[in-house]
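> One predicted model, sequence on top.
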Amino acid sequence: MRRLGDFDLAEESVQEAVIEALEHWPRDGVPERPDAWLAAVARRKALDRIRRNARYREKVALIEAQPMETNVEPDDRLRLMFVCCHPALSRDVQVALTLRAVVGLTTAEIARALLSSEPAIAQRIVRAKRKIVDAGISFRLPDDSELVERLDHLMAVIYLLFNEGYLTTGGPQASRRDLADDAE
């Protein structure tokens, strides 16, 4: 509390540190100085939250500073699909990201469709999002010269989307007509 000046933040940070201790200590053993360990973890948790809140405020300010578009297209999914199918990403990552970000399939559905594990698919998606941000990939339709290269990947995604709609890999229904219609 003394360092943070925020009672709620201090309390929540200590609670998170205690939870982490309950998870780690039975497995790794109690540290030599438990009080110092708890204080260090609580401090890190507080700093993480402060950074997260600052980043959130920056993003909100950035969004508020941009003028509202009056010429909004009714469906930007095609643009987003092309962003997800950027050549900077590997093919398996393109497919997983597009199925998640554009189509809205769950990680479990994507894992079943790609014959992979859920954690592997989740990690691919996280890395792909990070790579798009780091590479500065823009939200636009590709030029004619780029179109051919990306279209092949996009077709693979549409094919998998149709498959999932025609004969779903999970859920109470045998098929999901909404997905198949989207693919058509």
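Noted; the coordinates are in hand.
> make it CA atoms for all contacts and neighbour counts henceforth
Fine.
> Run through the chain and note the low-pLDDT ranges.
Along the chain, segments meeting pLDDT under 70 span 1-5, 67-75, 166-184.
> Please repeat the previous calculation with a cut-off of 80.
Within the chain, the segments meeting pLDDT under 80 span 1-7, 66-77, 103, 113, 138-143, 145-150, 152-154, 156-184.
> any idea how it splits into domains?
7-65, 77-183 (automatic domain parsing).
> Show the end-to-end separation of the first one, please.
Using Cα to Cα, to the nearest Å, the gap from the first to the last residue of domain 7-65 comes to 32 Å.
> Single out the most deeply packed of the domains of the chain.
Among these, domain 77-183 has the highest mean neighbour count (mean count of other Cα atoms under 10 Å), at a mean of 17.
> now it, how far from the chain's geometric center?
Counting by Cα atoms, centre = their mean, to the nearest Å, domain 77-183 is centred 13 Å from the centre of its parent chain.
> cool, and stretch 16-26?
26 Å.
> What segments of the chain are helices?
Counting by DSSP state H, the segments of the chain that form helices are 7-28, 34-65, 77-84, 91-98, 107-113, 118-135, 144-166, 177-183.
> and the angle from the second one to helix 7-28?
Angle of helix 34-65 versus helix 7-28, following axes from the mean of the first three to the mean of the last three Cα atoms, to 10 degrees, is 130 degrees.
> quick one: the residue nearest the centre of the chain from Phe162, how far?
Against the mean C-alpha coordinate of the chain, by Cα atoms, centre = their mean, the closest residue is Val126 at 4.9 Å. Distance of Val126 to Phe162, given as Cα to Cα: 24 Å.
> Setting aside sequence neighbours, what's the nearest residue to Glu149?
Pro87 (7.7 Å; Cα to Cα, 6 or more residues apart in numbering).
> what residues are up against the nearest residue to Val83 once chain neighbours are set aside?
Nearest non-adjacent residue to Val83, counting by Cα to Cα, 6+ apart: Phe139, 6.1 Å away. Neighbouring residues of Phe139 by Cα atoms under 8 Å, 6 or more residues apart in numbering: 79-80, 83.
> what do you get for Met81?
98, 102, 154.
> can you tell me how far it sits from Lys59?
From Met81 over to Lys59 the distance is 23 Å, taken as Cα to Cα.
> rewinding a little: got phi/psi on the residue nearest to Val83?
Phi and psi for Phe139, reported as degrees, to the nearest 10, are phi -90, psi 80.
> Pro87 now?
Main-chain dihedrals, Pro87, degrees, to the nearest 10: phi -60, psi -10.
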